[in-house]
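Novice: This is the structure alone, sequence omitted:
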């Protein structure tokens, strides 16, 4: 049995916890706590250490999903959670362009921790005010080779599609390393 550690990261309220909850076959282990007054307008709780979920892809492959905290004050957990990861997903809220710069910074931080494959998930693509993917690519300064995928973290199929794309990237890198 092969296990693959995948980290799901991104800014506060980008959909990381929901993403993991949508596909996890176990009850997600979550470290949610009530948020401070200024963040309460957005949501009531936030991840302070990590979220943990699991999904069995087939008889030979299990994914362990680790969600990072999105708030800067908990970023000390990022490096710890990145240890041993084979890939990561950067969640970006397509309806909140004010978080794009922070998403880019988180992406660069995780690339520095480990040069592993990653994808960017443009969450909330089902919302009327969601940015178009091409516009997000420009705003996030993403190279055309970086996979920017539409996502709705509350729906199983888009979440699975994001994870599959990441798995394909991990597999391609592993095969290239063996050549």
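Specialist: Received, thanks. This one's a predicted model, so the numbers in the text were calculated from it and none came from an experiment. Numbers count the residues shown, from 1 in each chain.
Novice: Between its first and last residues, how far does stretch 54-64 reach?
Specialist: 5 Å (Cα to Cα, to the nearest Å).
Novice: longest helix of this structure?
Specialist: When the chain is parsed with DSSP state H, its longest helix is helix 156-178.
Novice: gap between that one and the chain center?
Specialist: Offset of helix 156-178 from its chain centre (Cα atoms, centre = their mean, to the nearest Å): 13 Å.
Novice: Check which helices and strands whichever strand or helix holds residue 17 sits against.
Specialist: Assigned by DSSP states H and E, residue 17 belongs to helix 16-23. In terms of contacts (3 or more Cβ pairs under 8 Å, 6 or more residues apart in numbering; DSSP states H and E), helix 16-23 is packed against strand 2-9, strand 45-58, strand 61-67, strand 87-93, helix 156-178. Heads up, the C-betas are built off the backbone N, CA and C, glycines and all.
Novice: can you rerun that using 10 Å?
Specialist: Judged by 3 or more Cβ pairs under 10 Å, 6 or more residues apart in numbering; DSSP states H and E, the packing partners of helix 16-23 are strand 2-9, strand 29-34, strand 45-58, strand 61-67, strand 87-93, strand 118-123, helix 156-178.
Novice: and that helix with strand 2-9, angle?
Specialist: Angle of helix 16-23 versus strand 2-9, following axes from the mean of the first three to the mean of the last three Cα atoms, to 10 degrees, is 140 degrees.
Novice: what mean pLDDT would you report for helix 16-23?
Specialist: Here helix 16-23 scores 94 as its mean pLDDT.
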